[in-house]
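Participant: Pasting a predicted model and its sequence here:
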Amino acid sequence: MTMSIFEIIMLLCFGFAWPTSIYRSYKARSNRGKSIEFLIIILIGYMSGILHKFFYAYDFVIFLYAINLVMVAIDLFLYFRNKRLEESQPTS
């Protein structure tokens, strides 16, 4: 089992980007500029990374995948919250 420093850097970079996305989703109360398809694809990617680590190359990097997965799940939750908020707003 060897860890890839590049895999770690990639996950850390994405990991630092998700809090910004979550904050913007929370504050905006809108899905403007968001893509449900994108979030689901990223979620599947992180799940695949976790499964790969679990079955083939278990190391601590699995926790970076898990943290990123949780952040994407939060952003996905906010997507549905914002969708509900947008639908309850009267259109002008």
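Facilitator: Thanks, I have it. Note that this is a predicted model, so its numbers are computed, not measured.
Participant: could you pull out the helices for this protein?
Facilitator: Taking DSSP state H, the helices of the chain run over residues 5-28, 36-55, 61-88.
Participant: now those helices in CSV, with mean pLDDT and mean neighbour count?
Facilitator: In short, each C-beta sits where N, CA and C put it, glycine included. Below are the helices of the chain laid out as CSV (pLDDT from 0 to 100; neighbours: other C-beta atoms under 10 Å):
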stretch, mean pLDDT, mean neighbour count
helix 5-28, 95, 13
helix 36-55, 97, 14
helix 61-88, 97, 16
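Participant: Now do residue 2, the pLDDT please.
Facilitator: Looking at residue 2, its pLDDT reads 65.
Participant: how close does the residue positioned nearest the centre of the chain sit to residue 88?
Facilitator: The chain has residue 72 as the residue nearest its centroid, 2.0 Å off, counting by C-alpha atoms, centre = their mean. Using C-beta to C-beta, to the nearest Å, residue 72 is found at 25 Å from residue 88.
Participant: Thanks a lot, catch you later.
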